[in-house]
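Undergrad: How does the following fold in three dimensions:
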Amino acid sequence: MSVPKIDLTRSGWVLLALWLGALVLFRTAPGVDLFVTGQFYSADTGFSVLTNPLWEWLRQRIWDLAILVFLASLICWPLALWKGRVARLGARAWGFVLGLFFFGPIVIVNGLLKSNSGRARPADVDLFGGTHHFSIAGDFTDQCARNCSFVSGEVSAAVALSLVIWLGGEALRDRLPRWGLLYIRATAVFISAFITLQRVGTGRHFLSDAFFAGMVSLSVAWLLWGLIYGGWLAPLAARLRLGRRS
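TA: Next up is the predicted model:
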């Protein structure tokens with residue numbers, strides 16, 4: 001497999017622009033969150049638009065797949081360090097997958113943000129039939145005690161999974177027919193889009209929760225790619241070698 005070529009400088013500027021644009025939008029116009037959520041809410045039936053069994057089954061299978069990929073990386077990374085390759089992937093590739101899921105969805109999203117934000121989920125907000133107050137994205141408040149709305153763990157995991165699938169397709173692009181590569185890309189996009197729609201449409205998360213969750217995974221991926229494949233650690237390694245010699 002060949003390593004996909006990524007312009008880290010350009011993608012870094014794009015990520016920064018998306019972060020700043022989203023912060024300005026959701027902080028200065030919180031009504032965007034309320035408007036989008038309101039499209040899926042009815043005072044008579046609540047959030048019933050996207051709660052059919054098929055949608056829930058598909059959501060669970062995507063979640064299972066994300067967990068499976070993370071567990072596979074947890075096992076295959078040390079094996080690749082020992083044996084050189086596992087399933088035709090080296091230790092760096094498995095380390096990237098492991099780090100993406102661990103630092104994104106697990107540490108930053110669930111460990112830090114969801115545990116401390118205190119943002120009530122849409123279905124728990126008084127504007128949508130609940131008893132808690134609406135909080136602006138990024139505010140740390142007391143409207144939720146645990147497993148809160150900001151940000152979405154499932155969207156973060158779905159974006160991480162989509163990235164792994166997309167990059168896997170890029171690594172194999174020379175061996176795939178064009179329709180095969182397009183199918184892999186479409187699958188990757190569908191996973192993230194579907195989970196975002198499902199979480200927002202069922203009143204479990206605001207749009208900003210989903211967007212920032214995806215941004216966390218994208219940003220972690222960018223940083224890891226630079227460290228693992230972009231040579232960002234080379235200057236540090238050189239200084240350490242010089243330090244040992246002096």
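
Undergrad: mind showing which ranges of the protein have poor pLDDT?
TA: Low-confidence segments of the chain, defined by pLDDT under 70: 1, 234-246.

Undergrad: List the contacts of residue 117.
TA: 135, 139, 140, 141, 144, 148, 149, 150, 151 (CB atoms under 8 Å, 6 or more residues apart in numbering). For the C-beta atoms, the positions are set from N, CA and C on the backbone; glycine is no exception.

Undergrad: For residue 171, the count of nearby residues, please.
TA: 17 (other CB atoms under 10 Å).

Undergrad: And the one 10 residues further on, by the same measure?
TA: Residue crowding around residue 181 was assessed by other CB under 10 Å; the count is 17.

Undergrad: the helices in this protein, which residues?
TA: Listed in chain order, the helices of the chain (DSSP state H) span 8-28, 31-38, 53-83, 91-101, 114-116, 153-171, 178-201, 207-228, 234-245.

Undergrad: Let me have these in TSV, adding distance to residue 129 as columns.
TA: What follows is these, written out as TSV (distance: least, CB to CB, whole Å):
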stretch	distance to residue 129
helix 8-28	22
helix 31-38	11
helix 53-83	20
helix 91-101	34
helix 114-116	22
helix 153-171	22
helix 178-201	15
helix 207-228	18
helix 234-245	53
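
Undergrad: farthest-separated two in the contacts of residue 117?
TA: Using CB to CB, the two most remote members of those are 141 and 151, lying 14.3 Å apart.

Undergrad: Between the two, which has more neighbouring residues?
TA: For residue 141 versus residue 151, neighbours defined as other CB under 10 Å are more numerous around residue 151 (30 against 16).

Undergrad: Against residue 198, how distant is the closest residue to residue 48 other than its chain neighbours?
TA: Nearest residue to residue 48, sequence neighbours excluded (CB to CB, 6 or more residues apart in numbering): residue 42, at 6.9 Å. Noted for residue 42: a distance of 17 Å to residue 198, by CB to CB, to the nearest Å.

Undergrad: What about residue 45, how many residues nearby?
TA: Quick note: residue 45 (other CB under 10 Å) scores 9 neighbours.

Undergrad: So residue 91 versus residue 201, what's the distance?
TA: 40 Å.

Undergrad: hmm, back to that, doesn't residue 51 make contact with the residue nearest to residue 48?
TA: No - applying CB atoms under 8 Å, one finds residue 42 not in contact with residue 51, separated by 12.0 Å.

Undergrad: Residue 42 and residue 198: which is more packed in?
TA: The residue with more neighbours, out of residue 42 and residue 198, is residue 198; 22 against 12, by other CB under 10 Å.

Undergrad: Look up how far residue 100 lies from the more buried one.
TA: For residue 198 relative to residue 100 (CB to CB), the value is 22 Å.

Undergrad: Repeat that for residue 165.
TA: 12 Å.

Undergrad: before we move on, back to that, okay, and which of the contacts of residue 117 map to strands?
TA: Of these, none are assigned to strands by DSSP state E.

Undergrad: Can you turn the buried part of these into a ChimeraX selection?
TA: Selection of buried members from these for ChimeraX, criterion 16 or more other CB atoms under 10 Å:
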select :135,141,144,148,149,150,151
